[in-house]
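Student: I'll drop the sequence and a predicted model, then ask my questions.
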Amino acid sequence: MKIYTKTGDAGKTSLFGGKRVDKNSARLEAYGTVDELNSVIGIARTNCKSGKANEILAQLQNQLFFIGSDLATPLDEQKIKIEIQRADQALVEQLEKWIDELDEELPELKVFILPGGTPGAAYLHFARTVCRRAERKVVELATREQINDFVVKYLNRLSDLLFVLARYENFENNVPDLNWENK
């Protein structure tokens, strides 16, 4: 199988099920940004020293493939030949569980913090901002087409987890978070 198909040369691509859409459609913007987020998390993984953080990040990367396929498959699509795993409450609850577990180990947050600290934490903060953009793109898509509501919930919770993971990465490496100085 060749990597290039030439089917997208005219600025269109296929969703799961075969429907052709413009490459700048809201749906493509949404799942393309989720793909970008997955790449940034990959960079974060190469820079994180915490085994626990890396374990969670590996699972997140796999989950983001589900989220991308969920977004690439319209809810009313009947022609798909494979079963698409959709985001659900259990996926959101898994993120909440990780947030709670990690947050228990961290010192109480009393001030706003700036992105930074270790390279891994800085990339996790970057991933958090890309996640927020992905969330905005999915919300925009939801104003135009029906989507799985759990995708927005998942991305909202994921950005919180990435924030906690950044703090955790700094904490595990004895590097203080960078406090915002309101001067």
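Tutor: Alright, I've got the coordinates. This one's a predicted model, so the numbers in the text were calculated from it and none came from an experiment. Numbers count the residues shown, from 1 in each chain.
Student: quick one: low-confidence parts of this structure?
Tutor: Across the chain, residues meeting the criterion (pLDDT under 70) sit at 7-10, 13-18, 20-23, 77-82.
Student: how about a cut-off of 80?
Tutor: Applying pLDDT under 80 to the chain flags residues 1-24, 76-83.
Student: all strands of it, in order?
Tutor: Counting by DSSP state E, residue ranges of the strands within the chain are 12-14, 20-22, 113-114, 178-179.
Student: show me what the third one is packed against.
Tutor: Counting contacts by 3 or more CB pairs under 8 Å, 6 or more residues apart in numbering; DSSP states H and E, strand 113-114 packs against strand 178-179. (Glycine included, C-beta is placed from N, CA and C.)
Student: next one: the strand it packs on to chain centre, how far?
Tutor: Offset of strand 178-179 from its chain centre (CA atoms, centre = their mean, to the nearest Å): 24 Å.
Student: report the strands that pair with that strand, each with its relative direction.
Tutor: strand 113-114 (antiparallel) (DSSP bridges).
Student: what does the partner strand contact?
Tutor: With contacts defined as CB atoms under 8 Å, 6 or more residues apart in numbering, strand 113-114 is touched by Arg167, Asp177, Leu178, Asn179, Trp180.
Student: for those residues, work out which two are farthest apart.
Tutor: Among these, the pair separated by the greatest distance (CB to CB) is Arg167 and Trp180, at 13.7 Å.
Student: looking at those two, which is more packed in?
Tutor: Set Arg167 next to Trp180 and count neighbours by other CB atoms under 10 Å: Arg167 wins out with 22 against 10.
Student: and the residue nearest to that one when sequence neighbours are not counted, its phi and psi?
Tutor: Nearest non-adjacent residue to Arg167, counting by CB to CB, 6 or more residues apart in numbering: Leu106, 5.5 Å away. Main-chain dihedrals, Leu106, degrees, to the nearest 10: phi -90, psi 150.
Student: Leu106: neighbour count?
Tutor: 14.
Student: follow-up on the earlier one: with distance to Lys6 added, can I get the contacts of strand 113-114 in JSON lines?
Tutor: Listed next are the contacts of strand 113-114 as JSON lines, based on distance: CB to CB, whole Å:
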{"residue": "Arg167", "distance to Lys6": "46"}
{"residue": "Asp177", "distance to Lys6": "48"}
{"residue": "Leu178", "distance to Lys6": "48"}
{"residue": "Asn179", "distance to Lys6": "52"}
{"residue": "Trp180", "distance to Lys6": "50"}
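Student: closest to Glu93 out of those?
Tutor: Nearest to Glu93 among these: Arg167, at 21.1 Å, using CB to CB.
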